[in-house]
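>>> pasting a predicted model and its sequence here:
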Amino acid sequence: MPKTIVLATSNQGKLKEFSALFKQANLEQYLDLKTLAEFPSFISPEENAPSFIGNALIKAYHAAEHTGTAALADDSGLCVDALDSAPGIHSARYATMHNFQQQGLDKEQLNYSCLLEKMQSIPQGQRQAHFYCCLVLVRFPRDPEPLIAVGKCKGEILSAAIGDHGHGYDPVFFSFDLNKSFAQATMEEKNSVSHRTLAFDNLINAGLKEFFSK
């Protein structure tokens, strides 16, 4: 019988990425992957830890306790060297934090537009950045030994958004590995080098396959 894992997110973009990662690892046949969108009474926890790892732990345990099943949490973000690793753990609410507003833009567009504005004075060659991802798998609500893995990929921030794929900051992140923005890449290309893929590979090494075999 497939094991149920709830992704501690309602983000459909992340669901697509994780579905592809489980398929690539030949684990999809053992898995019933859900998101928090299927639990309308769920109330998101306060993510008040100072680190990606801390916030991933908060989200994973909260989701597991609410759903009564295994939960996989992803806390990830964009870290820009010239901005002292900002947006960092605040990547999802960067525009809100800076009261950045622009008509006609959705939340993700507001975030990367705010970032571009903050970096207007930073010249080419000093715009290095990386995406960081921490994954936490809590196998049951009070699991004392959560599986934890991290990954990151390097690139730089473009001066304008390019590409129509992906989500989040993908349009303004130029991947050194792909020689294009993440939003110009296919999902297969992005998954081959992304921070989430690297973290997922490390999660497999940390014991993910053993979880499915029990």
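Yep, that arrived.
>>> helices of the chain, residue ranges please.
Ranges of helices within the chain are 12-24, 52-67, 94-97, 107-118, 187-193, 195-203, 209-213, based on DSSP state H.
>>> identify the bridge partners of the spatially most central residue of the chain.
The centroid of the chain falls nearest to residue 76 when counting by C-alpha atoms, centre = their mean (4.1 Å). Taking DSSP bridges, one obtains residue 133 as the residues bridged to residue 76.
>>> stretch 156-166: how far from the chain's middle?
17 Å (C-alpha atoms, centre = their mean, to the nearest Å).
>>> which positions within that stretch qualify as buried?
Judged by neighbour count (16 or more other C-beta atoms under 10 Å), stretch 156-166 contains these buried residues: 156, 157, 158, 161, 162, 163, 165, 166. In this view, the C-beta of every residue, glycine as well, is placed from N, C-alpha and C.
>>> what's the closest of the residues you listed to residue 30?
Distance to residue 30, by C-beta to C-beta, is smallest for residue 166 among the buried residues of stretch 156-166, at 27.5 Å.
>>> and the nearest residue to that closest one once chain neighbours are set aside, how far is that from residue 101?
Once flanking residues are discounted, residue 166 sits nearest to residue 183: 4.5 Å by C-beta to C-beta, 6 or more residues apart in numbering. Separation of residue 183 from residue 101 (C-beta to C-beta, to the nearest Å): 23 Å.
>>> and if you look at residue 182?
Noted for residue 182: a distance of 25 Å to residue 101, by C-beta to C-beta.
>>> the two - which one has more neighbours?
residue 182 (26 against 11; other C-beta atoms under 10 Å).
>>> my read: that one touches residue 170, true?
Yes: if you go by C-beta atoms under 8 Å, residue 182 and residue 170 touch, sitting 3.7 Å apart.
>>> the residue nearest to the centre of the chain is in contact with residue 130, isn't it?
No: in this structure, residue 76 is not within contact of residue 130 by C-beta under 8 Å, at 10.8 Å.
>>> confidence-wise, which helix or strand of this protein is lowest on average?
Ranking every helix and strand in the chain by mean pLDDT, DSSP states H and E puts helix 209-213 at the bottom, with a mean of 83.
>>> re earlier: ok, the residue nearest to the centre of the chain - contacts?
Neighbouring residues of residue 76 by C-beta atoms under 8 Å, 6 or more residues apart in numbering: 52, 91, 131, 132, 133, 134, 195, 196, 199.
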